[in-house]
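K.L.:
Predicted model follows, preceded by the sequence.
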2 protein chains.
Amino acid sequence: MARRSLSLGKVYGLLEPGPVVLLTTAGSERPNIMTMSWHTMLEFEPPIVGCIISDHNYSFNLLDASGECVINIPAAEMAEKVVGCGNTSGADTDKFAAFRLTPLPAALVGAPLIAECHANLECRITDRQMVPSYNLFILEVVKAWIDPAVKQPRTLHHRGYGNFMVSGETIRLRSKMK
Amino acid sequence: MARRSLSLGKVYGLLEPGPVVLLTTAGSERPNIMTMSWHTMLEFEPPIVGCIISDHNYSFNLLDASGECVINIPAAEMAEKVVGCGNTSGADTDKFAAFRLTPLPAALVGAPLIAECHANLECRITDRQMVPSYNLFILEVVKAWIDPAVKQPRTLHHRGYGNFMVSGETIRLRSKMK
């Protein structure tokens, strides 16, 4: 796979449709992976993303301590690994090993990219004011990678209790909206 | 259409997949409609939703003044109306009239439901602390309605510049995740 850099102004088109993502963090023992669906764009460029990470999750402290993470976007073919990462805890599981996922070094942050994902967004925390009340971290995407061969990614979108909608056809309409 | 009440604990399954929504607000002259893709769940029950509404939008002041809105979820068949609502301003357009949409009275808020949408979430603002920095309103869903005949809604998911992904097939996996 030829991973290439994506201009930061185009990042919102990856996250705005609401895909399930895999959030990776660095740790003193090993990196971790968390499955996440609660996120939203907050600003176009530089891309600012709000992510809700419960303090019950093992990733909460890893993210809070390091201030960095990677948002990796998986395709539908990875659905079982995505659910597996959501049903286990980094407290007792090496998820890269358990789900046969490949960590790659990121360019600007300590957390790893997941090689099997078609898009990877390197992020740094820029604002923690909403963490105490909502577990809401404000992240800036500082580097973005995509697989240019994937034109219409089949992303996963969680409807609850293990039901996932897989992205379908694309339609185009004349729009003034960014 | 037989609209029925949806238990509030099930609301997250509607918004978590990231659909484009139509946000309605009441106004002294007429109600308004705004197209919105930047939102995230923040809590399961009562359902708390974070929504980004730019202060450049006509809906910003209507929402801020009334403290109430309805989040309406349109299906793919409504794509042209959805883009139309995004490309016009309530400052000079009666969007219900212009796009032939039907306002229905809500049960608990002053903003109208859009009859043509298969799901409608009546909301009240509960927290404005993030409005100055991110135009992020924190809303509580106080009443939810769905069309029980729509089992697998074909929702729209914006990829930027008028490109919309339409929701595809649903897959089920054994999961401990809510």
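P.N.:
Sure, I can see it.

K.L.:
pLDDT score assigned to the residue nearest to A:Phe44 when sequence neighbours are not counted?
P.N.:
Of all residues not flanking A:Phe44 in the chain, A:Tyr12 sits nearest, at 5.5 Å (CB to CB, 6 or more residues apart in numbering or on different chains). From N, CA and C alone the C-beta is placed, and that goes for glycine too. Looking at A:Tyr12, its pLDDT is 96.

K.L.:
residues contacting A:Tyr12?
P.N.:
Contact analysis of A:Tyr12 by CB atoms under 8 Å, 6 or more residues apart in numbering or on different chains lists A:41, A:44, A:47, A:178, B:160.

K.L.:
Can you turn the buried subset of those residues into a selection I can paste into ChimeraX?
P.N.:
Restricted to buried positions by 16 or more other CB atoms under 10 Å in any protein chain shown, the ChimeraX selection for the contacts of A:Tyr12 reads:
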select /A:41,47 /B:160
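
K.L.:
of all the contacts of A:Tyr12, which comes closest to A:Ser28?
P.N.:
A:Pro47 (28.7 Å; CB to CB).

K.L.:
Which members of the contacts of A:Tyr12 occur in strands, if any?
P.N.:
A:41, B:160 (DSSP state E).

K.L.:
Output the contacts of A:Tyr12 in JSON lines, with distance to A:Asn135 and pLDDT appended to each entry.
P.N.:
Listed next are these as JSON lines, based on distance: CB to CB, whole Å; pLDDT from 0 to 100:
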{"residue": "A:Met41", "distance to A:Asn135": "18", "pLDDT": "98"}
{"residue": "A:Phe44", "distance to A:Asn135": "24", "pLDDT": "97"}
{"residue": "A:Pro47", "distance to A:Asn135": "21", "pLDDT": "98"}
{"residue": "A:Lys178", "distance to A:Asn135": "29", "pLDDT": "82"}
{"residue": "B:Gly160", "distance to A:Asn135": "28", "pLDDT": "93"}
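
K.L.:
Mind putting the contacts of A:Tyr12 into CSV with distance to B:Glu116?
P.N.:
What follows is the contacts of A:Tyr12, written out as CSV (distance: CB to CB, whole Å):
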residue, distance to B:Glu116
A:Met41, 26
A:Phe44, 30
A:Pro47, 33
A:Lys178, 25
B:Gly160, 25
